[in-house]
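J.: heads up, no residue letters with this:
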Ligand code: PEP
Ligand code: MG
């Protein structure tokens with residue numbers, strides 16, 4: 001049963017008109033943990049704790065449906081709400097023996113908001129509600145402590161004044177500060193009851209002056225004021241922004257929790273604190289948290305007094321002398337520990353708790369699943385499996401695959417305050433600090449001199465590959481998530497922020513205008529490639545660390561998943577990383593990336609600029625041994641695992657020089673006149689190179705390129721098979737086909753050369769030829785294409801680009817606006833557009849398999865490393881996903897989760 005059907009069922013059992021308010025306390029509750037949508041997270045858990053017998057101050061929850069009603073009825077409350085609240089107050093009175101509004105034995109209340117997820121921006125808490133000029137005297141009498149009563153009242157007035165009546169809280173703080181100055185006191189604890197009384201009159205005056213009305217003395221008015229403030233806070237701009245950012249619908253609404261007050265500020269035997277049942281940053285199984293003796297909740301977080309650790313061990317480790325809760329209140333501590341274990345066992349998860357001790361008696365105020373770092377999440381999940389609390393499948397489903405990035409790259413220390421000077425796309429995760437360099441040559445120079453640098457470019461091109469290797473991080477002003485900079489940086493594991501649109505880079509003057517400030521080459525900046533933040537100066541980092549828990553989780557994931565996980569890799573370093581992270585093959589080797597290195601770019605340019613086949617063949621002959629060497633290394637590292645090598649794909653303009661300086665240097669290298677070079681470049685100019693002379697079109701116009709590459713692949717396979725003793729079965733992939741004839745043509749070229757090489761070497765190699773499906777036409781004509789192909793690899797970067805008709809390199813300029821305005825939900829270059837692009841992938845898979853039931857199907861676009869897209873790949877039965885090496889662990893976990901989810905939905909069906 002889902003929470004909402006449970007809530008409907010429960011509501012249906014109630015008398016009509018009785019379901020706006022749910023009571024809890026005294027070991028009973030109307031609701032329970034399944035009613036999160038109706039009671040909010042806090043209310044549902046208070047009900048649950050009450051139900052299982054934990055000491056929860058009695059109270060009631062006004063449901064989220066009241067909030068929805070409030071906004072759909074011009075801010076009016078539903079009929080019957082007031083009676084239900086009165087009845088619920090009577091129930092509290094019956095349990096506590098105290099009456100709301102009584103001047104003999106007054107019941108005081110706390111009022112808190114509580115949506116189904118915790119939401120910053122909402123009204124938080126009003127404590128001590130019900131105090132007025134009369135009830136404060138009763139409280140003084142009953143507690144025998146006038147100072148405590150006045151302290152509670154002087155806390156209540158500004159809290160109420162601020163959150164309910166909209167009076168600036170600074171005014172109250174100033175009044176308190178003035179009083180302390182006048183008395184010559186430093187600490188609040190030095191003030192007497194008389195001092196508080198003086199302050200209380202001042203506070204009331206402030207409210208009169210600022211709000212234009214008196215602080216309400218009637219407890220019922222106070223209660224309705226606080227309830228209204230909670231509901232109104234649902235629509236304050238901060239809350240709306242937060243909801244928009246997280247895609248939380250407005251009609252969720254918030255609940256209001258009203259509870260009998262318990263006092264942590266009743267003297268030395270009272271205290272209040274917060275705790276996590278395990279360490280939320282490391283995951284260590286040890287109670288973690290802090291408390292204050294003689295204090296109320298807000299003191300713990302306000303930072304006026306320093307809270308103390310809960311356990312003796314933590315106190316000793318922190319080298320603190322004031323006693324821990326364990327030492328100061330051993331009985332309450334022992335009871336609290338019992339509840340921690342009980343709640344962990346009950347919810348099967350690490351809990352974040354709030355508690356108060358009033359005169360030695362422990363009260364539980366809140367429990368919820370605790371937020372934690374990825375490292376802690378891994379450790380806790382693995383420990384809980386060992387402890388028998390959860391199964392390994394539960395553990396897998398609990399982890400956020402995307403957050404694994406945090407474990408593999410250095411990250412910005414979480415305690416650091418970020419001073420962001422520019423923002424772009426989180427193109428390649430991890431953080432990096434270094435001095436700004438504006439050219440690849442400068443990056444290489446800095447690296448050679450042992451200085452860390454960040455390469456800052458308008459956009460990167462193949463020309464920049466050395467600089468990108470030398471730099472610690474890459475920042476570009478233009479380009480989306482699949483731009484050259486983003487794809488190459490992810491492959492290398494180098495942090496990258498792309499498309500930081502506010503940057504104006506002047507390469508002449510070396511000045512970068514960020515919009516808010518000017519930077520120059522040599523200035524130190526820090527990038528966070530996981531968030532897109534650019535910060536000034538060096539920022540403190542945390543180094544990654546792979547733990548035993550990480551290995552256990554990965555092993556469980558491998559045991560569950562059906563799809564294999566490969567990596568997109570071309571350099572030996574990438575291939576090594578891929579294997580280290582568990583890749584089971586290479587799903588995409590972009591051979592053009594091998595062309596950027598060292599002297600090769602010269603030979604490549606000679607090949608491109610050649611006017612005749614003979615000239616082209618001469619240039620290709622220079623490339624052959626280099627390519628063969630690369631492939632041999634790759635096959636050797638991958639030791640028998642499948643390796644998919646793609647024939648040259650990009651538009652040739654990407655290899656050509658751009659600036660005048662580059663032209664001169666290239667002309668010199670090639671020993672031709674600069675004018676000849678520029679003429680040939682003009683000839684090659686294309687208006688839409690991404691839709692131009694690229695992919696299999698190159699292999700058709702210049703078969704000698706495909707011939708050279710095939711020869712290199714086959715010769716390398718023969719060589720690597722000999723040295724490793726493992727059979728190498730290369731998969732040769734033809735890019736950007738639109739129809740079967742193109743593939744048939746290129747395949748014939750490949751087969752011809754392969755046959756020749758195998759005959760020359762007198763060795764057979766079980767190579768296969770397949771194709772990328774990255775054009776809508778190819779997806780639609782998949783049945784014919786499958787006749788020619790041993791495999792399909794979905795190139796969803798291009799398929800997204802061509803399906804949407806959005807240039808992947810220019811998308812950054814407007815997709816952000818689209819997302820903000822809700823025109824699209826998610827950037828389709830990051831998360832596969834399942835409705836459109838996904839449908840093409842599905843169609844192609846089905847049509848391909850109808851013709852060839854053993855047609856191997858995989859994905860090698862960037863979506864191969866995106867958890868939601870991986871889930872889709874599982875659902876349509878692909879055989880493998882391929883992603884950048886650093887995303888391999890993410891993909892392993894996401895692929896396992898996809899299987900578990902499909903089992904769950906199968907069970908539920
Ligand atoms: C693709 O288009 O999805 C792909 C993997 O190829 P590239 O990104 O190299 O165009
Ligand atoms: Mg492509």
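T.: That came through, no problem. If you're wondering where the values come from, they're calculated on a predicted model, not measured in any experiment. Ligands and ions are numbered 1, 2, ... in the order given.
J.: max-length helix in this protein?
T.: helix 613-638 (DSSP state H).
J.: after that helix, next one along is what?
T.: Using DSSP states H and E, the next helix or strand after helix 613-638 towards the C-terminus is strand 643-646.
J.: Report the buried residues of that next one.
T.: 643-646 (16 or more other Cβ atoms under 10 Å). C-beta coordinates here come from the backbone N, C-alpha and C atoms, glycine included.
J.: Could you point out the helix or strand that follows it?
T.: Moving toward the C-terminus from strand 643-646, the next helix or strand (DSSP H and E) is helix 660-670.
J.: Determine the angle, from 0 to 180 degrees, between that next one and helix 613-638.
T.: 100 degrees (axes from the mean of the first three to the mean of the last three Cα atoms, to 10 degrees).
J.: chain center to helix 660-670, what's the gap?
T.: Computed by Cα atoms, centre = their mean, to the nearest Å, the chain-centroid distance of helix 660-670 equals 44 Å.
J.: re the thing from before, just give me the closest of the buried residues of strand 643-646 to residue 818.
T.: Nearest to residue 818 among the buried residues of strand 643-646, counting by Cβ to Cβ, is residue 646 at 30.6 Å.
J.: and the stretch 401-550 of the chain, which of its residues are near ligand 1?
T.: Neighbours of ligand 1 within the stretch 401-550 of the chain, by Cβ under 6 Å from any ligand atom: residue 487.
J.: Could you tell me which ranges of the stretch 401-550 of the chain sit under the pLDDT cut-off?
T.: Where the stretch 401-550 of the chain drops to pLDDT under 70, the residues are 482.
J.: Do you have the strands of it handy? List them.
T.: Remark: strands assigned in the stretch 401-550 of the chain by DSSP state E, counting those that start in this stretch are 411-412, 420-423, 425-428, 431-437, 453-457, 473-476, 496-498, 504-506, 511-513, 518-520, 524-528, 533-536, 541-542.
J.: on that earlier part again, starting at the chain centroid, how far to the longest helix of the chain?
T.: So, by Cα atoms, centre = their mean, the centroid of helix 613-638 is 41 Å from its chain's centroid.
J.: what does stretch 572-590 give?
T.: 24 Å.
J.: what do you get for stretch 542-557?
T.: With Cα atoms, centre = their mean, you get 18 Å for stretch 542-557.
J.: what does that stretch rub up against?
T.: 283, 375, 378-379, 381-383, 385, 392-393, 395-396, 399, 406-414, 582, 889, 892-893, 895-896 (Cβ atoms under 8 Å, 6 or more residues apart in numbering).
J.: Name the SS class of the closest residue to residue 284 other than its chain neighbours, please.
T.: With sequence-adjacent residues excluded and distances taken as Cβ to Cβ, 6 or more residues apart in numbering, residue 284 is closest to residue 278, at 6.5 Å. With DSSP: H, G, I helix; E, B strand; the rest coil as the basis, residue 278 sits in coil.
J.: wait, doesn't residue 278 sit right on residue 341?
T.: No - using Cβ atoms under 8 Å, residue 278 is not in contact with residue 341, being 11.2 Å away.
J.: more crowded one of the two?
T.: residue 278 (23 against 12; other Cβ atoms under 10 Å).
J.: Quickly note the distance from that one to residue 289.
T.: Using Cβ to Cβ, to the nearest Å, residue 278 is found at 11 Å from residue 289.
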